[in-house]
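Undergrad: coordinates only, sequence not included:
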């Protein structure tokens, strides 16, 4: 075993990365609203939001930035886990191929990935807040207008629904969104510490 501190921080990075994927399956926001006095509520998970990116969902700037950030996080977390696993295997001499330049490169990449995950998590939760305040209501109104038109009420637009038929609209950032932000920050901390420990070990 080469570096116990690096082993610990890499292990934490792997756990945090896995948990990021776990909490992407939970609700990232919830909403409730009355449309023509009919209560409606809903929620979206992180994976549902990412899927909407490829299905041509809501294209407001805030929602687009939110789902792109979540998609990038899902990619970066996987890469970070791979780098951390490699570092663990090197520390336990499972990977015995000696290449100091490669080890340093992996350590730097892991550090950068951790920081980027935290940055995009901040962007994601900020854009979620913006979307819930200005965007989601129009999306709900558009869906309601389409349903009312299909039910035989012509000339019902999203604007009409929003102005006259929609009441008691509330939307909230869900707990999984906050947890993923915390996990992302912890990931940045653990990968930063790993970088420091690996650098000291190589000096």
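TA: Done, it's in. Just so you know, these numbers come straight off a predicted model, no measurement behind them. Numbering: from 1, shown residues only.

Undergrad: Show me where the chain has its strands.
TA: Applying DSSP state E to the chain gives strands spanning 27-35, 38-45, 166-173.

Undergrad: who's in contact with residue 81?
TA: Residue 81 makes contact with 13-14, 17-18, according to CB atoms under 8 Å, 6 or more residues apart in numbering. Using the backbone N, CA and C atoms, a C-beta is placed for each residue, glycine as well.

Undergrad: Show the model's pLDDT score for it.
TA: What the model reports as pLDDT for residue 81 is 97.

Undergrad: who's in contact with the residue nearest the centre of the chain?
TA: Centroid check for the chain by CA atoms, centre = their mean gives residue 70 as the closest residue, at 3.5 Å. Taking CB under 8 Å, 6+ apart, we find residue 70 in contact with 24, 28, 46, 49-50, 120, 124.

Undergrad: Can you add pLDDT and give the residues you listed back as CSV?
TA: Below are those laid out as CSV (pLDDT from 0 to 100):
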residue, pLDDT
24, 96
28, 94
46, 93
49, 91
50, 91
120, 97
124, 95
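
Undergrad: in this protein, which ranges drop under the pLDDT threshold?
TA: The model of the chain has pLDDT under 70 over residues 1, 56-59, 202-203.

Undergrad: Would you map the helices across this structure?
TA: Using DSSP state H, the helices of the chain run over 4-23, 46-54, 61-91, 100-133, 136-150, 158-160, 175-202.

Undergrad: can you pull the buried residues of stretch 171-186?
TA: Buried residues in stretch 171-186, counted by 16 or more other CB atoms under 10 Å: 171, 173-174, 176-177, 180-181, 183-186.

Undergrad: neighbouring contacts of it?
TA: 12, 16, 19-20, 23-24, 26-32, 43, 45-46, 73, 117-118, 120-122, 124-125, 128-129, 132-133, 136-137.

Undergrad: and those, which are buried?
TA: Using 16+ other CB under 10 Å as the threshold, 12, 16, 19-20, 23-24, 26-31, 43, 45-46, 73, 117-118, 120-121, 124-125, 128-129, 132, 136-137 are the buried ones among the contacts of stretch 171-186.

Undergrad: Residue 138: what's it in contact with?
TA: Counting by CB under 8 Å, 6+ apart, residue 138 has contacts 60, 158, 162.

Undergrad: Can you tell me how far the second one is from residue 42?
TA: So that's residue 158. 16 Å (CB to CB, to the nearest Å).

Undergrad: Ok, residue 116 next?
TA: From residue 116 to residue 42 the distance is 31 Å (CB to CB).

Undergrad: One more: residue 81?
TA: Distance from residue 81 to residue 42, by CB to CB: 31 Å.

Undergrad: rewinding a little: could you dump the contacts of residue 81 into a markdown table and include neighbour count and distance to residue 194?
TA: Converted to a markdown table, these look like this (neighbours: other CB atoms under 10 Å; distance: CB to CB, whole Å):
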| residue | neighbour count | distance to residue 194 |
| --- | --- | --- |
| 13 | 30 | 7 |
| 14 | 20 | 11 |
| 17 | 28 | 13 |
| 18 | 13 | 16 |
